[in-house]
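J.: sharing a model that was predicted from the sequence below.
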Amino acid sequence: MATVLVIEDDSTILENTLELLELEGFTVIGATDGMEGLEQALERLPDVIICDVMMPRLDGYGVLKEIRANSATSTIPLIFVSAKPREEILAAGATLGVSDYLIKPFRASDLLRIVRKQIANRAVS
């Protein structure tokens, strides 16, 4: 099954997201800030990254920029998760190459649909 890296500084959201994905059969990796998430992405090369936008040390935009700049990770789909309005995420993320986004709070079904869609899209590419 596919490996999903979740980068989220809110421990409750991180734990719940990891548990949901694991129950659905995904291999999961968790990171509590952008720097840790970037290190995990480079080390583990997940199939999909779910990344909060506002985090300490390195925000989601910084993670996305670094992921896209590295040849080993540049094609990994990255899904932004944020409480910010959709337009802000789309405007900033589109120029950097975000694959998709979710607005907090999100439904489990929406998360799973987007993760599966990104995995399927990557398999076709």
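T.: It's in.

J.: can you dump the C-alpha atoms of stretch 62-71 in CSV for me?
T.: Output of stretch 62-71 as CSV, limited to C-alpha atoms (Å, rounded to 0.1, in the frame of the first residue of the first chain):
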residue,chain,number,x,y,z
GLY,A,62,8.6,26.4,2.6
VAL,A,63,8.1,22.6,2.6
LEU,A,64,6.5,22.7,-0.8
LYS,A,65,9.2,24.9,-2.3
GLU,A,66,12.0,22.5,-1.0
ILE,A,67,10.0,19.4,-2.1
ARG,A,68,9.6,20.8,-5.6
ALA,A,69,13.3,21.9,-5.8
ASN,A,70,14.7,18.4,-5.1
SER,A,71,14.8,15.9,-8.0
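
J.: what comes into contact with it?
T.: 7, 34, 37-38, 41-42, 49, 51, 58, 73-74, 76, 78, 80, 93, 96-98 (C-beta atoms under 8 Å, 6 or more residues apart in numbering). The way it works is simple: take the backbone N, C-alpha and C, and place the C-beta from them, glycine included.

J.: next step: the residues you listed restricted to helices.
T.: Those of the contacts of stretch 62-71 mapping onto helices are 34, 37-38, 41-42, 93, 96, per DSSP state H.

J.: now, of those residues, which are buried?
T.: Listed as buried from these are 34, 37-38, 41, 93, 96; burial here means 16 or more other C-beta atoms under 10 Å.
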